[in-house]
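>>> Build me a model:
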Amino acid sequence: MNSITAQIGDLAEAGERMIERLRRKAFLPGSRKGLHVRFGIAEAAQLIGCSTNRIRMAEEDGRLPRTPAGENGRRSGYSMEELLRMRDVLGASPARAALDVPAIIAVQNFKGGVGKSTVTTHLAHYLGVQGYRVLVVDCDSQATTTTLFGFNPHFNITRAQTLYPYLSIEPTETDLAYAVTRTPWPNVDLIPSNLELFDVEYELAAAGSDGGSVLAARFRKLKAGLAELARDYDIVILDPPPALGTISLAVMQAANALLVPLAATTPDFCSTVQFLSMMDQVVGQLTAAGIAVDYHFVRLICSKYDGNDPSHAMVRTIMEQSFGPALLPVPILESAEISHAALRMMTVYELERPIGTPKTHKRCRANLDEALGQVAQLVRAGWGRVAPVGEEAIVHALV
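Sure thing, here's the model as predicted:
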């Protein structure tokens with residue numbers, strides 16, 4: 001290896017050290033990511049769909065603990081754990097019924113730079129705030145989603161914590177429970193990833209060259225493993241690699257729903273059309289091989305959308321004309337608040353206070369709630385239920 005080529009490894013090591021420095025700086029003390037966001041009583045009531053009086057009454061009669069006041073006499077707000085307990089006590093949990101099939105959503109596009117991992121983590125945290133039990137499975141060896149959850153894939157995650165022991169040609173695990181990692185979110189778990197997961201691609205590709213039986217068996221194994229694990233969750237979100245490989249194929253087959261993020265640019269639109277065409281061919285080939293692929297819904301969501309950019313508006317119009325109702329009507333807007341949060345290895349839902357202006361934060365959060373809420377509605381529709389009606393709406397209807 002010549003000296004120039006050897007620099008690649010040096011650059012990688014320098015980058016990994018910097019990531020660890022950033023992580024330690026972001027998550028002090030203890031270099032561990034925590035969840036410190038709190039919800040005021042008005043926001044908690046809005047999330048649960050009840051009045052603030054109902055929460056206060058539950059605190060007064062002892063069903064809920066009263067949040068202690070700070071030095072200034074004001075309440076500090078409710079933590080995520082307290083919000084989840086509030087949902088249980090007040091009968092406002094959105095959890096699926098026992099016979100409802102857990103949603104297993106693949107967030108997939110072969111085009112890089114469309115915000116796939118950003119959409120995945122924000123969707124997971126949005127659903128967490130709404131009270132769902134969520135599992136995120138990072139199937140991408142680049143491990144961006146794992147990083148956004150506060151783990152350094154190089155220093156904090158071993159091969160034994162990824163999908164590798166389950167999917168390898170010589171597996172050491174018979175189910176996926178070993179890989180479930182707790183996150184700072186009490187109702188959002190993660191199966192992390194790191195670079196060593198890519199070894200599965202080599203192993204399965206080599207096995208596939210001798211016949212497709214081993215490959216097909218691994219596809220079915222991932223689907224069965226995720227279906228078993230999903231019994232403890234309402235929604236499972238899969239983040240596959242941005243390329244057509246064996247892991248991506250396994251994820252396609254394991255999922256029962258598909259969410260395709262794409263940016264509002266001509267190259268992204270063209271690339272996504274090619275992705276959909278390739279998906280159609282692959283699904284046909286998998287079906288012909290006896291490997292079933294069945295989705296409850298397939299939707300595209302426009303990400304990184306700048307409403308002030310005429311070119312974005314034009315491309316979005318092209319998307320609407322091409323994809324019709326399969327394109328979700330509310331795009332995810334480009335926002336500095338998302339970028340600033342990502343720099344801290346966080347999502348907007350984890351910020352204790354705005355990074356930019358309060359107005360920018362509020363607009364970004366409102367857009368994310370509306371855009372990602374579309375996915376929650378699709379999931380609930382699959383369970384035969386619509387979004388729960390809040391107390392105030394019921395009272396208003398009766399007046």
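
>>> And the helices in the stretch 1-150 of the chain?
3-26, 41-48, 52-60, 80-89, 116-129, 144-148 (DSSP state H, counting those that start in this stretch).

>>> so what's the closest residue to I48 other than its chain neighbours up against?
The shortest distance from I48 to any non-neighbouring residue, by CB to CB, 6 or more residues apart in numbering, is to A92 (4.3 Å). Any C-beta I mention is one placed from the backbone N, CA and C, and that applies to glycine too. Shown in contact with A92 (CB atoms under 8 Å, 6 or more residues apart in numbering): I48, G49, C50, M86, G131, P388.

>>> Could I have the buried ones of these as PyMOL selection syntax?
In PyMOL, a selection of the buried entries from the contacts of A92 looks like this (16 or more other CB atoms under 10 Å):
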select buried, resi 48+49+50+86+131
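
>>> Would you mind giving the contacts of A92 as a markdown table with pLDDT added?
Putting the contacts of A92 into a markdown table (pLDDT from 0 to 100) gives the following:
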| residue | pLDDT |
| --- | --- |
| I48 | 93 |
| G49 | 93 |
| C50 | 93 |
| M86 | 95 |
| G131 | 96 |
| P388 | 56 |
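
>>> Out of the contacts of A92, which two are the most distant from each other?
M86 and P388 (14.5 Å; CB to CB).

>>> Please report how far I318 lies from L327.
Between I318 and L327 the distance is 10 Å, computed by CB to CB, to the nearest Å.

>>> re the thing from before, distance to A263 for the contacts of A92 - can I get that in CSV?
Shown next, in CSV, are the contacts of A92 (distance: CB to CB, whole Å):
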residue, distance to A263
I48, 34
G49, 33
C50, 38
M86, 37
G131, 30
P388, 33
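
>>> now, which of the contacts of A92 sits nearest A366?
Nearest to A366 among these, with distances taken as CB to CB, is G49, at 17.2 Å.

>>> Let me see the contact set for A216.
Here A216 is in contact with A289, G290, I291 (CB under 8 Å, 6+ apart).

>>> In terms of packing, which of I318 and L327 has more residues around it?
L327 (18 against 13; other CB atoms under 10 Å).

>>> which residues does the more buried one bridge with?
L300 (DSSP bridges).

>>> Enumerate every residue touching it.
Contacts of L327 by CB under 8 Å, 6+ apart are R299, L300, I301, C302, M319, E320.

>>> Any idea how many residues pack against A336?
13.

>>> Setting aside sequence neighbours, what's the nearest residue to it?
Nearest to A336 is G356, by CB to CB, 6+ apart, at 5.5 Å.

>>> hang on, the earlier thing: out of the contacts of L327, who has the most neighbours?
Going by other CB under 10 Å, C302 tops the contacts of L327 with 26 neighbours.

>>> Who's the closest spatial neighbour of it, skipping the chain neighbours?
In space, C302 is closest to P331, 3.7 Å off (CB to CB, 6+ apart).

>>> Quick one: neighbours of the one you found, just the number.
Neighbour count for P331, taken as other CB under 10 Å: 24.

>>> Show me where this protein has its strands.
Listed in chain order, the strands of the chain (DSSP state E) span 103-107, 134-138, 181-182, 188-191, 235-239, 257-263, 297-303.

>>> I'd like the mean pLDDT over the fifth one, please.
Spelled out, it's strand 235-239. Per-region confidence: strand 235-239 scores 97 on mean pLDDT.

>>> Could you do the last one as well?
Averaging the model's pLDDT scores along strand 297-303 yields 93.

>>> Show me what it is packed against.
Strand 297-303 is packed against helix 116-129, strand 257-263, helix 310-323, helix 358-382, with contacts defined by 3 or more CB pairs under 8 Å, 6 or more residues apart in numbering; DSSP states H and E.

>>> Equivalent analysis for the fourth one, please.
With contacts defined as 3+ CB pairs under 8 Å, 6+ apart, the packing partners of strand 188-191 are helix 116-129, strand 134-138, strand 181-182.

>>> show me the contacts for the residue nearest the centre of the chain.
By CA atoms, centre = their mean, the chain has its centre lying nearest to T120, at 2.8 Å. Residues near T120 by CB under 8 Å, 6+ apart: V107, V136, T145, I237, D239.

>>> Sketch out the low-pLDDT regions of the stretch 151-300 of the chain for me.
207-215 (pLDDT under 70).

>>> Next, count neighbours for P171.
That count, for P171 with other CB under 10 Å as the rule, works out to 12.

>>> In contact with the residue lying closest to it once chain neighbours are set aside, which residues are there?
In space, and not counting its chain neighbours, P171 is closest to P165: 6.1 Å by CB to CB, 6+ apart. Residues near P165 by CB under 8 Å, 6+ apart: R159, P171, T172, E173, Y178, A179.

>>> same thing but at 10 Å, please
R159, P171, T172, E173, T174, L176, Y178, A179 (CB atoms under 10 Å, 6 or more residues apart in numbering).

>>> again with H296
101, 103-105, 255-258, 378-379, 381-383 are the contacts of H296 under CB under 10 Å, 6+ apart.

>>> Max pairwise distance over the residues you listed: which two?
L258 and W383 (17.7 Å).

>>> And these two? Which one has more around it.
L258 (22 against 17).

>>> How many residues are close by the nearest residue to that one once chain neighbours are set aside?
Distances taken as CB to CB, 6+ apart place V298 nearest to L258, at 4.6 Å, with adjacent residues excluded. By other CB under 10 Å, the residues close to V298 number 15.

>>> okay but V298 is in contact with L328, surely?
No. Under the contact definition of CB atoms under 10 Å, V298 does not touch L328, with a separation of 11.1 Å.

>>> Any regions of the stretch 1-150 of the chain where pLDDT drops low?
Using pLDDT under 70, the stretch 1-150 of the chain drops low at 1-16, 18-33, 68-73.

>>> Please repeat the previous calculation with a cut-off of 80.
Regions of the stretch 1-150 of the chain meeting the criterion pLDDT under 80 cover residues 1-34, 67-76, 111-114.
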